[in-house]
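Engineer: coords please:
(chains A and B)
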Amino acid sequence: MGEPKIKLAEVKKHFGEKIVLDGVNLSVEPGESVAIIGGSGTGKSVTLKCILGLLTPDSGSVQVDGQEIVGAKPREIEKVRAKFGMLFQGGALFDSLPVWRNVTFGLTQGRMRHAAEMRKIAEENLERVGLKADILNLRPNELSGGMQKRVALARAIAPRPEIIFFDEPTTGLDPIRADVINDLITSLVEDLGVTALTITHDMASARKIAHRVAMLYNGRIVWHGPRDRLYDSGNPYVDQFVQGRADGPIR
Amino acid sequence: MTEGPLAPPVKGFAAIGRAVIGLFAMVGRVTLFAFTTLIRALTPPYYPARFFAQLMEIGWYSLPVVGLTAIFTGSALAQQIYTGGSRFDASSTVPAIVVFGMVRELGPVLCGLMVAGRVASAMAAELGTMRVTEQLDALTTLRTDAFRYLIAPRLFACVIALPIMVLIANTIGIMGGYLLAVYKLGFNASAYLTSTRQYLQMDDVEMALVKAAVFGFIIAIMGCYNGFRTGGGAAGVGKATTDAVVSSFMLILFSDLIITIVAFG
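Structural biologist: Residues are numbered from 1 along each chain as shown, chains lettered A, B, ... in the order given. As a prediction, this is how the structure comes out:
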């Protein structure tokens, strides 16, 4: 394998007195799908935000295609961001804009141009996530939760990113809708060849969408391995987490 | 250094110290926010469509409240001056003082406060909700600068809309004074208008416009700043909204005093 797509080395981040990331090491290969599992408040979202440049780590290194992000100039971070797409937990659709403007936002950066062309692009991307053109003019709050998530996914893939981040993609959806999202993520990785990094605490989803799983606990990656090993990892933290037991090393 | 429990008087001083430091830190953050906004707002990309939408929202839709405020205040002002003036036989000064009071002080301040109540709160609530629902983060990942896309149009719209609205408010306020003076207090209509025109000075109008532009700046910055810094869900949005209104009220009244003193000094 060549250069990893994403490489985190000893990434640390604290808020006030609380240490959230205490030296995270992780690398993701091109075309690979990795899931980070872990309980609430273990720093999963913070890890993603450090890679996206939404938060700056206190120390450590974050590299995308070999380029260092920590301490890079805003202009360079901006360039790296062009490779990213992000699906936010709640969708984070812009509720003042219709669906089609939401989907094409990454292409227009909010400017009102090429309306006809953009509507067409929006339609194509909605089709990819299994939605029809009849919702193009609706506002996000007129859609159900599952549809909002799919529109948000269409928005994330519209600029054809090389790397997509998924923040709890299945949270808040019923098992069937959740599996639709899982299938979409899998097909994006396989068909478009994107690199995917997902944070989740949904074991079924992690097993389905990820090639490799990493477990974050107390600000560190305590285990990582192929998805098949998730249920016989031999790691007490992972065992407790995947079996959902209240007693164990995780308090 | 060891830190033991502090004696009550020392605790009191510590609390005062923390409050003072907190105040300075906030002034610093707001100033930095305002500078960042200005620099980004003046460099491309620009969002003219967003600007016109905000101009409509801030200017046009605020006109009814501003107009009503102005007509009530202008009329009340005329009545007060008439009542107060008649005590020392100076009730003929009504048109002069209505013009002076409305244009230099009440027009800009009341207009500023009404718009702050309507607009600063709306900005803080909207941006605050965008913050807590991660829409602001989403903007960044879609490579759009929130300062240019969200804040700059609001800032320009406020700074341009406020002076226009103050001109309208002043006109309506003076008309309110005129209506009350002529139809209730029995003033001669043409004499009232003549002295109104005589006492209306360009200097006063300029001062009103300067005040209005400054108030517009304050409203946009305080509304956006508080919205931007929102944390902690729905309660956080509520707090941001309150903070935006209270802080813009305070800053409007304070800067009004400063501008008035400087202009007279």
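
Engineer: Spell out which parts of the stretch 151-251 of chain A neighbour chain B.
Structural biologist: The stretch 151-251 of chain A comes close to chain B at residues A:Arg155, A:Pro159, as judged by CB under 8 Å from any CB of the partner chain. C-betas here are computed from N, CA, C, even on glycine.

Engineer: Now do the strands in the stretch 151-251 of chain A.
Structural biologist: Under the criterion DSSP state E, counting those that start in this stretch, the stretch 151-251 of chain A carries strands at the ranges A:163-167, A:195-200, A:212-217, A:220-226.

Engineer: What are the contacting residues of the shortest one?
Structural biologist: The one in question is strand A:163-167. A:5-6, A:45, A:48, A:51-52, A:64, A:83-89, A:156-157, A:185, A:188, A:194-200, A:209 (CB atoms under 8 Å, 6 or more residues apart in numbering or on different chains).

Engineer: go on, the third one?
Structural biologist: Residues external to strand A:212-217 that are found in contact with it (CB under 8 Å, 6+ apart): A:24, A:26, A:32-39, A:42-44, A:47, A:206-207, A:221-227, A:230, A:235, A:237-238, A:241, A:250.

Engineer: Who are the contact partners of the closest residue to A:Gln148 other than its chain neighbours?
Structural biologist: Nearest non-adjacent residue to A:Gln148, counting by CB to CB, 6 or more residues apart in numbering or on different chains: A:Gly91, 4.3 Å away. The contact partners of A:Gly91, by CB under 8 Å, 6+ apart, come to A:Pro140, A:Gly145, A:Gln148, A:Lys149, A:Val151, A:Ala152.

Engineer: what sits against A:Ala82?
Structural biologist: A:Pro159, A:Pro161, B:Arg143.

Engineer: Next one: it from A:Glu76, what distance?
Structural biologist: Counting by CB to CB, to the nearest Å, the gap from A:Ala82 to A:Glu76 is 11 Å.

Engineer: quick one, helices of chain A?
Structural biologist: Listed from the start of the chain, chain A has helices (DSSP state H) covering A:44-52, A:74-81, A:99-103, A:105-108, A:115-128, A:145-157, A:175-187, A:203-209, A:236-243.

Engineer: Now do the second one against helix A:44-52, angle only.
Structural biologist: Using axes from the mean of the first three to the mean of the last three CA atoms, to 10 degrees, the direction of helix A:74-81 lies 110 degrees away from that of helix A:44-52.

Engineer: buried ones in helix A:74-81?
Structural biologist: Applying a neighbour-count criterion of 16 or more other CB atoms under 10 Å in any protein chain shown, the buried positions in helix A:74-81 are A:Ile77, A:Val80, A:Arg81.

Engineer: What about chain B: which of the residues you listed touch it?
Structural biologist: On the criterion CB under 8 Å from any CB, A:Arg81 are the entries of those that sit beside chain B.

Engineer: follow-up on the earlier one: filter the contacts of strand A:163-167 down to the buried ones.
Structural biologist: Using 16+ other CB under 10 Å as the burial test, the contacts of strand A:163-167 include A:5-6, A:45, A:48, A:51-52, A:64, A:83-89, A:156-157, A:185, A:188, A:194-200, A:209 as buried.

Engineer: which residues sit in contact with residue 182?
Structural biologist: Since no chain was named, I'll use chain A. The contact partners of A:Asn182, taken as CB under 8 Å, 6+ apart, are A:Pro169, A:Thr170, A:Ala204, A:Ser205, A:Lys208, A:Ile209.

Engineer: nope, chain B
Structural biologist: B:Val182 sits next to B:Asn188, B:Ala189, B:Tyr192 when contact means CB under 8 Å, 6+ apart.

Engineer: For the residue nearest to A:Val46 when sequence neighbours are not counted, give me its contacts.
Structural biologist: For A:Val46, the nearest residue in space outside its immediate sequence neighbours is A:Val20; the separation is 5.0 Å by CB to CB, 6+ apart. For A:Val20, the contact set (CB under 8 Å, 6+ apart) comprises A:Lys13, A:His14, A:Gly43, A:Val46, A:Gly219.

Engineer: Among these, which one has the most neighbours?
Structural biologist: A:Gly43 (25 neighbours; other CB atoms under 10 Å in any protein chain shown).

Engineer: gap between that one and chain B?
Structural biologist: Here A:Gly43 is placed at a distance of 16 Å from chain B (CB to the nearest CB, to the nearest Å).

Engineer: Got the confidence number for that residue?
Structural biologist: pLDDT, the model's per-residue confidence, is 87 for A:Gly43.

Engineer: Go ahead and confirm it touches A:Leu26.
Structural biologist: No - A:Gly43 sits out of contact with A:Leu26 when judged by CB atoms under 8 Å, with a separation of 11.9 Å.

Engineer: Residue 228 - how many residues pack around it?
Structural biologist: You didn't say which chain, so I picked chain A. Per other CB under 10 Å, the neighbour tally for A:Asp228 reads 10.

Engineer: Correction: the question concerned chain B.
Structural biologist: Neighbourhood size, B:Phe228 [other CB under 10 Å]: 21.

Engineer: Over to A:Arg139?
Structural biologist: Burial of A:Arg139, expressed as a neighbour count using other CB under 10 Å, amounts to 15.

Engineer: In contact with it, which residues?
Structural biologist: Contact criterion CB under 8 Å, 6+ apart gives A:Asp95, A:Leu97, A:Pro98, A:Val99 as the residues in contact with A:Arg139.

Engineer: change it to 6 Å
Structural biologist: Under the criterion of CB atoms under 6 Å, 6 or more residues apart in numbering or on different chains, A:Arg139 has no contact partners.

Engineer: Please report phi then psi for it.
Structural biologist: According to degrees, to the nearest 10, the main-chain angles of A:Arg139 amount to phi -90, psi 150.

Engineer: Pick the one among the contacts of A:Val20 closest to A:Gly60.
Structural biologist: Proximity of these to A:Gly60 was ranked by CB to CB; the top entry is A:Lys13 with 8.4 Å.

Engineer: where's the closest residue to B:Phe228 other than its chain neighbours relative to chain A, distance?
Structural biologist: What sits nearest to B:Phe228 in space, not counting adjacent residues and going by CB to CB, 6+ apart, is B:Leu127, at 5.7 Å. Counting by CB to the nearest CB, the gap from B:Leu127 to chain A is 11 Å.

Engineer: secondary structure element for the residue nearest the centre of chain B?
Structural biologist: To find the centre residue of chain B, average its C-alpha atoms and take the closest one (CA atoms, centre = their mean): that gives B:Gly112, at 3.3 Å. B:Gly112 is located in helix B:107-115, with elements delineated by DSSP states H and E.

Engineer: My guess is B:Thr241 contacts B:Glu126. True?
Structural biologist: No - checked against CB atoms under 6 Å, the pair B:Thr241 and B:Glu126 is beyond contact range at 9.7 Å.

Engineer: how many neighbours does the spatially closest residue to the residue nearest to the centre of chain B that is not a sequence neighbour have?
Structural biologist: Once flanking residues are discounted, B:Gly112 sits nearest to B:Phe215: 3.5 Å by CB to CB, 6+ apart. By other CB under 10 Å, the residues close to B:Phe215 number 29.

Engineer: Also A:Asn141?
Structural biologist: Neighbours of A:Asn141 using other CB under 10 Å come to 8.

Engineer: for it, what are its contacts?
Structural biologist: Counting by CB under 6 Å, 6+ apart, A:Asn141 touches A:Asp95.
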